[in-house]
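Visitor: with the input below, show me the fold.
(chains A and B)
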Amino acid sequence: MVPIAELVEPDRVHRSVYTDQAIFDREIASIFERVWVYCGHESQVRNPGDYHTLHIGRQPMIMVRALDGAIRVLYNRCPHRGVQLCANRSGNTGSAFVCSYHAWSFHLDGRIRGIPLPHGYDGTRLTPENPDCSMKSAARVDRYRGFVFASLAAEGESLLEFLGDARIAFDDMCDRSPVGEVEVVPVCHRVMQHSNWKFFMENQLDALHPSVTHQSTGVAAARVERAMKASGQTPPLHYHYLSTFASSFDQWDSVQTINFPRGHGILKGYMGLRPKDPDTQEYVAAMYRAYGAAQAEEFLGRSIHHVLVYPYLSVQSPLQQLRCLRPVAPNRTLSEIWHFRLKGVSPAIYRRSLWYFNLVNSPATMVNADDLENWAKAQWGLESDGGEWVSFHRNYGGDTVDHGIVYSNKGTSEAVMRNQFEAWKRYIGARPGPRESSAAA
Amino acid sequence: MTTERLRQHLLEEVVIFESAVDGASGAESVSPRQAHRPQPPTGRSALTPETVSLQHRVEQFLFHQAELLDSGCWREYIDLFADEGIYWMPVKPDQTEWLDSPSIFIEDKSMMQIRMDRVMHPNAWSRAAAWGTSHVVGNVVVESQSAERISVRSRFHMLELRRDTLRHFAGTYRHTLVHAGDELRIGLQRVDLLNSQAVFDYVLQVWV
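Guide: Just a heads-up that it's a prediction; the model follows:
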């Protein structure tokens, strides 16, 4: 077994970082249960008692809107005997959580509300003031532009420090609304990936794979597009979402990646999402009215395909889509796929991004079908003894580094993976401190 | 002494003859019902002698469609749809439209053509694995009919094999069939998957 400090070299990594259970356990403890983890959007819990359940690392959590309007993130368990309190993925719990086992009840901020026959505890140390009587809360909760995050670590960098330049993911999504806000579309597609979480994160900014992995879909869509044009029809814009996958290696090499500290990054845009139809003109006019021409042009002109918030989030901000990873095992990763609606735009503008959600991100996707196949096969290969090291040599030494930001120069540079593993090494190498959590105050 | 106390204890009994509270007890006494549960639906249409031949014709159509899917006859499958026909799998059973809310599938014949071309492309990598399906269609009910269209509701079960893994899908079909000369064509096929919001262990590559 290679010592953990020697698993990552500048141009290659040892295969065990994708396959080893002990390394996975350490990732959960040192990364996923410490960093700021995405919980959801505030519009998922509009009213007091609205809740949404999720996992932070291995911890089952509830994001809930309390009576005072604050959003709390609590462990989804009764402090009495450990019973799960919210059994649904989302819903409204009224003014209290009530345990289905012995009817202990809790305020929406997690404080104990009542215990049946309370005199049974007279003279014991389990007083209502005892923190063991209340639901435990995530150590820290914060929001950025309506997106809610929690950290199970009592100390550490702030949410804004953690996001760093990757906060553009949420700025770019919200700035495209004339009122600067989005709201959730209340559907979450969930797909289990039979592969390590890193495959997804690396793949998101891997510009060499699309024309290989997605060739069948790109070619099929381009063929239908051509046939429609030949017969005098105008193919719908959303066909373009699929046909661009048929681009050449050289075209993909020109799509740059920008790689930030902490493993975050951007794949720049390539789909040309500003058509000239009347709906778009009306939308652009509304943006001009809201922000002025110069600011609106900056918002609309940002070249972003998607933004990665390492190690678990891919945000396709121009189309308001978000994919969140919940690692389950070295070879199992749950992906949760969300869509948001720009506030203050016409239905026609919303429908454009809805098409992308339906075609690319639904469980009947013609795109991820082949990604999932590749990642599963890669997982099986790395579990074998057929080789020890995974190569990230492509364009090694050819990137530009400026103020800690790595510009790939070539779109297909494996700068993306090298940058992610720099962050991984720092997280894993850091001494895992105590994971304190405050009980609800 | 210990055994005497135990003996006495066992002779004493509190009998709860009837609930001491009117109405709420247990968790409900602490907080009212936590979750709304929908009421079961009421009755549906009945089969009459006059509708038997239509019933037979519609059933044969649905069985044929399922057979085309399981045989991989994608072209013939698409041809069952009218020119303006739509294949739709909403996300939620209460969904009434696809323009402004997400769908799992929403495909006209052009998009179905793209899907067919993809699965038949030699570099559709996910198709290299052994794959097959087996559909059973039943509980076929003609809900309404007019000169223009027939509305049919049915249930399906589908087993899918991929590599060594079987997946089970089930749900409701709602076909709106239209007349094309002597033939029937699909104007709209709505597919409500029972497990549409469960975790998908892999994606759906072709129509269900």
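Visitor: from here on, just use CA atoms for contacts and neighbour counts.
Guide: Will do.
Visitor: residue A:150: which element?
Guide: Residue A:150 belongs to strand A:147-151 when elements are defined using DSSP states H and E.
Visitor: contacts for that strand?
Guide: Outside strand A:147-151, the residues that touch it by CA atoms under 8 Å, 6 or more residues apart in numbering or on different chains are A:33-42, A:73, A:138-143, A:159, A:170.
Visitor: next structured bit after whichever strand or helix holds residue A:174?
Guide: Using DSSP H and E, residue A:174 falls within helix A:168-175. As assigned by DSSP H and E, the chain's next helix or strand after helix A:168-175 is strand A:182-193.
Visitor: buried set for that following strand?
Guide: Residues of strand A:182-193 classed as buried by neighbour count (16 or more other CA atoms under 10 Å in any protein chain shown): A:182, A:183, A:184, A:185, A:187, A:188, A:189, A:190, A:191, A:192, A:193.
Visitor: how close does the fourth one sit to residue A:354?
Guide: The one in question is residue A:185. When distance is defined by CA to CA, to the nearest Å, residue A:185 is 10 Å away from residue A:354.
Visitor: what touches both of those two?
Guide: Contact criterion CA under 8 Å, 6+ apart; residues shared by residue A:185 and residue A:354: A:339, B:101.
Visitor: the strand or helix carrying residue A:354 vs strand A:182-193, what angle?
Guide: Secondary structure assignment for residue A:354, by DSSP H and E: helix A:347-360. If you take axes from the mean of the first three to the mean of the last three CA atoms, to 10 degrees, helix A:347-360 sits at 10 degrees to strand A:182-193.
Visitor: output the contacting helices and strands for the very next helix or strand once past helix A:347-360.
Guide: Counting by DSSP H and E, the next helix or strand C-terminal to helix A:347-360 is helix A:368-382. In terms of contacts (3 or more CA pairs under 8 Å, 6 or more residues apart in numbering or on different chains; DSSP states H and E), helix A:368-382 is packed against helix A:16-19, strand A:182-193, helix A:210-213.
Visitor: now do 10 Å
Guide: On a contact count with 3 or more CA pairs under 10 Å, 6 or more residues apart in numbering or on different chains; DSSP states H and E, helix A:368-382 meets helix A:16-19, strand A:182-193, helix A:197-204, helix A:210-213, helix A:215-230, helix A:347-360.
Visitor: what's the residue nearest the centre of chain A in contact with, if anything?
Guide: Nearest to the geometric centre of chain A sits residue A:313, at 2.3 Å (CA atoms, centre = their mean). Neighbouring residues of residue A:313 by CA atoms under 10 Å, 6 or more residues apart in numbering or on different chains: A:37-38, A:169, A:200-201, A:204, A:264, A:307, A:322-326, A:335-336.
Visitor: if I look at it, how far off is residue B:108?
Guide: For residue A:313, the distance to residue B:108 - CA to CA - is 32 Å.
Visitor: now residue B:162
Guide: The gap separating residue B:162 from residue B:108 is 26 Å, by CA to CA.
Visitor: repeat for residue B:89
Guide: According to CA to CA, residue B:89 and residue B:108 sit 12 Å apart.
Visitor: bridged to the residue nearest to the centre of chain A, which residues?
Guide: With DSSP bridges applied, residue A:313 shows beta-bridge pairing to residue A:309, residue A:324.
Visitor: wait, residue B:116 sits on residue B:78?
Guide: Yes: between residue B:116 and residue B:78 there is a contact under CA atoms under 10 Å: 8.9 Å.
Visitor: now do the shared contacts for those two.
Guide: Common neighbours of residue B:116 and residue B:78, counting by CA under 10 Å, 6+ apart, are residue B:110.
Visitor: got the residues of the stretch 301-441 of chain A near chain B?
Guide: A:334-336, A:339, A:347-348, A:350-352, A:354-359, A:361-374 (CA under 10 Å from any CA of the partner chain).
Visitor: what mean pLDDT does the strand or helix carrying residue B:64 have?
Guide: Element membership for residue B:64 (DSSP H and E) is helix B:52-71. Mean per-residue pLDDT for helix B:52-71: 95.
Visitor: in chain B, where is pLDDT below threshold?
Guide: Scanning chain B for pLDDT under 70 picks out B:1-2, B:19-21, B:32-51.
Visitor: hey, where'd the helices end up in it?
Guide: In chain B, the segments counted as helices under DSSP state H are B:2-11, B:26-30, B:52-71, B:74-79, B:109-120.
Visitor: ok, the longest one near chain A or not?
Guide: I take that to be helix B:52-71. No: Helix B:52-71 does not reach chain A (CA under 10 Å from any CA); its nearest approach is 15.7 Å.
Visitor: want to throw the buried residues of strand A:182-193 into JSON lines with pLDDT and distance to chain B?
Guide: Formatted as JSON lines, the buried residues of strand A:182-193 follow (pLDDT from 0 to 100; distance: CA to the nearest CA, whole Å):
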{"residue": "A:182", "pLDDT": "98", "distance to chain B": "15"}
{"residue": "A:183", "pLDDT": "98", "distance to chain B": "13"}
{"residue": "A:184", "pLDDT": "98", "distance to chain B": "12"}
{"residue": "A:185", "pLDDT": "97", "distance to chain B": "8"}
{"residue": "A:187", "pLDDT": "96", "distance to chain B": "7"}
{"residue": "A:188", "pLDDT": "97", "distance to chain B": "8"}
{"residue": "A:189", "pLDDT": "98", "distance to chain B": "7"}
{"residue": "A:190", "pLDDT": "98", "distance to chain B": "5"}
{"residue": "A:191", "pLDDT": "98", "distance to chain B": "5"}
{"residue": "A:192", "pLDDT": "98", "distance to chain B": "5"}
{"residue": "A:193", "pLDDT": "98", "distance to chain B": "7"}
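Visitor: could you provide these in CSV, with additional columns for distance to residue A:101?
Guide: Putting the buried residues of strand A:182-193 into CSV (distance: CA to CA, whole Å) gives the following:
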residue, distance to residue A:101
A:182, 39
A:183, 36
A:184, 33
A:185, 34
A:187, 30
A:188, 29
A:189, 31
A:190, 30
A:191, 32
A:192, 31
A:193, 34
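Visitor: so which of the helices of chain B is the most packed in?
Guide: Among the helices of chain B, the stretch with the highest mean neighbour count (mean count of other CA atoms under 10 Å in any protein chain shown) is helix B:109-120, at a mean of 20.
Visitor: that one and chain A in contact?
Guide: Yes: Helix B:109-120 reaches chain A (CA under 10 Å from any CA) through B:110, B:111, B:113, B:114, B:115, B:116, B:117, B:118, B:119, B:120.
Visitor: quick revisit: now list the buried members of the contacts of strand A:147-151.
Guide: Judged by 16+ other CA under 10 Å, buried ones among the contacts of strand A:147-151: A:33-42, A:73, A:138-143, A:159, A:170.
Visitor: what about residue B:131, distance to chain A?
Guide: Here the criterion is CA to the nearest CA, to the nearest Å. By it, residue B:131 lies 13 Å from chain A.
Visitor: who does that residue bridge with?
Guide: Note on residue B:131: beta-bridge partners residue B:162, judged by DSSP bridges.
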